[in-house]
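Visitor: Sharing a model prediction with you, sequence too.
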Amino acid sequence: MSELTTKDITEYLKNAMELESSIYRQERAIESAKQSIKDKKGRNYNDMCNRNQNKEKRMPKKKELAKPEDSRSSRKFSPVTLAKESVRADIFYTVISIIIIILGFVFKVQLMKVIGLIAIICFLGRLFINRKKVTDCVLKEQQLDIEYEQKIAEYEKQLDINEQEYKKALEVYEQAENQAKTEYEEVQESLTRASEVIEEKLSEPLAQTRQVLEKLYTSDVIFPKYKNMVAICTKS
């Protein structure tokens, strides 16, 4: 091998430095691109984890509907029952009054006749009033029954509407969750493919550059321990 001139050595070092720099830039470019993809996959994964953690908050809830309360259920005594008891009492006391009048005639006691007559008039009047009260109470109870049945019918109707709305909301929720999961998987797969493409496309030029540098180093112009970027840059 002919002796190299200073110009040849300078040119050799310049070429080696350019190749070393090119390898360094290519390695950094590959590493940076792969790291960027890794970071994006990590953020996408964290977003999905956060979404799963808040899953309960997004889940639709059924509306709570209070069942109509029958106001009569809290009553100790029914007005109809009380009115009927009053009627029975009036009948009882009317019979007693008749008995008193009969006894007045039997024993010829005028006072008993008067008291019995007054009592009969009073209790017959009460009986008439209380019998009307029974009729009014029965009608009122029937009206309350109708109103309560209407409230129950409306309540059941609202329950059905609420159930249908909940099912629709749950369907929308599940579609959104499935869509988010599909998008997450597609993004992760896309980023994985991108990383593979980067590795495939950029590794080949890097390997070619290394081969050129290795071929350059085979000339043994410099000692093996100086065949690195730091040493080359220092010498150049």
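Guide: Now that the structure is in, tell me what you want to look at. Remember, predicted model here, so these are calculated numbers, not experimental data.
Visitor: what residue ranges in this structure score low on pLDDT?
Guide: Scanning the chain for pLDDT under 70 picks out 1-6, 8-9, 217, 220-236.
Visitor: Identify the residue nearest the geometric centre of it.
Guide: Met59 (1.7 Å; C-alpha atoms, centre = their mean).
Visitor: Not counting its neighbours along the chain, what's nearest that one?
Guide: Of all residues not flanking Met59 in the chain, Tyr173 sits nearest, at 6.2 Å (C-beta to C-beta, 6 or more residues apart in numbering). The C-beta positions use only the backbone N, C-alpha and C, and glycine is treated the same way.
Visitor: and the one you found, how many neighbours?
Guide: 14 (other C-beta atoms under 10 Å).
Visitor: same deal with Ala207?
Guide: 12.
Visitor: what do you get for Ile100?
Guide: With other C-beta under 10 Å as criterion, Ile100 counts 20.
Visitor: now do Ala169
Guide: Count around Ala169 with other C-beta under 10 Å applied: 14.
Visitor: Please shift the residue numbers so they start at 300 in all later answers.
Guide: Right, with 300 as the first residue, what we last looked at is Ala468.
Visitor: Can you tell me the closest non-neighbouring residue to it?
Guide: Using C-beta to C-beta, 6+ apart, the nearest residue to Ala468 is Pro359, at 3.7 Å.
Visitor: Equivalent analysis for Leu469, please.
Guide: In space, Leu469 is closest to Pro359, 5.5 Å off (C-beta to C-beta, 6+ apart).
Visitor: just to revisit the earlier point, now the residue nearest to the centre of the chain: how far from Asn351?
Guide: 12 Å (C-beta to C-beta, to the nearest Å).
Visitor: Same question for Ile445.
Guide: 52 Å.
Visitor: Over to Gln409?
Guide: 100 Å.
Visitor: who has more neighbours, these two?
Guide: Neighbour comparison, Gln409 and Asn351: the larger count goes to Asn351, with 12 against 9 (by other C-beta under 10 Å).
Visitor: Ile451 - how many residues pack around it?
Guide: Using other C-beta under 10 Å, Ile451 is surrounded by 13 other residues.
Visitor: let me fix that: Lys450
Guide: The number of residues near Lys450, taken as other C-beta under 10 Å, comes to 14.
Visitor: separation between it and Tyr465?
Guide: 22 Å.
Visitor: so is Glu499 in a helix, a strand, or just coil?
Guide: Look at Glu499: counting by DSSP: H, G, I helix; E, B strand; the rest coil, its state is helix.
Visitor: One more: Leu410?
Guide: helix.
Visitor: So it sits against Gly403, correct?
Guide: Yes. Using C-beta atoms under 8 Å, Leu410 is in contact with Gly403, at 7.5 Å.
Visitor: Would you mind telling me which of these two has the busier surroundings?
Guide: In this view Leu410 and Gly403 are compared by other C-beta under 10 Å, and Gly403 has more residues nearby, 18 against 9.
Visitor: Perfect, that will be all.
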